[in-house]
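Colleague: Sequence and predicted structure are below.
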Amino acid sequence: MSKKKNKKFKAHHHQPTYQPAVSPVAPSVQSTGNATVTTMPEAPVKEAPLDEISVLNKKYAYVRRDVGKLLIVLTSLAILFVAIYFLGTKTDILTMVGNWIYKIGHFSI
C-alpha cells in the first residue's frame, strides 16, 4: 500500500471505546440476635443510553443557533420592508431620497 492509502486507512480505523469494568458486589451479612440477615448492597446506577435525538442535538447544536439567527434576520427584514411600504404610501420621503441619489450619482438611464 502506498503511504496515502495507508494514512486514509488509519484515519478511518476506529478504536473501541473504553468502558470501565463493573466489579462484582458481595452480599453483606448482619446478625441480629437469633437471626442472620443477608442483604445485597445497592447495585451501581448505570447511565441510561442516550437516544438518537439527544446525540444529534449535541452534534448539530450549531445548526440550531444558525437557524435562530437566520429567523431573526428574516423577521427584521420583513418588518423593515413593511415599514418602508407604509412610509412610502403616507409620505413623499422615499421619492425625495430617490431623486437626491439620482442627482448626486449622475446616473443616466
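Modeller: Nice, thanks for sending it over. Numbering: from 1, shown residues only.
Colleague: Can you report how many residues lie near Arg65?
Modeller: 10 (other CB atoms under 10 Å). All C-beta spots, glycine's among them, are computed from the backbone N, C-alpha and C.
Colleague: Ok, Asn57 next?
Modeller: When neighbours are counted by other CB under 10 Å, Asn57 registers 13.
Colleague: How about Lys90?
Modeller: By the measure other CB under 10 Å, the count of residues near Lys90 is 8.
Colleague: Looking at it now. What's its pLDDT?
Modeller: pLDDT for Lys90: 94.
Colleague: Distance check, it against Ala83.
Modeller: Distance of Lys90 to Ala83, given as CB to CB, to the nearest Å: 11 Å.
Colleague: what do you get for Val63?
Modeller: 30 Å.
Colleague: now do Ile101
Modeller: For Ile101, the distance to Ala83 - CB to CB - is 19 Å.
Colleague: any chance you could map the strands in the chain?
Modeller: Counting by DSSP state E, the chain has strands at residues 28-32, 35-39.
Colleague: Could I get the buried residue list for the lengthiest helix in the chain?
Modeller: Scanning the chain for the longest helix, with DSSP state H as the assignment, gives helix 61-90. Buried residues in helix 61-90, counting neighbours by 16 or more other CB atoms under 10 Å, are absent.
Colleague: Who are the packing partners of that helix?
Modeller: Packed against helix 61-90 by the contact rule (3 or more CB pairs under 8 Å, 6 or more residues apart in numbering; DSSP states H and E) you find helix 93-105.
Colleague: Next, the angle from the helix it packs on to helix 61-90.
Modeller: 100 degrees (axes from the mean of the first three to the mean of the last three CA atoms, to 10 degrees).
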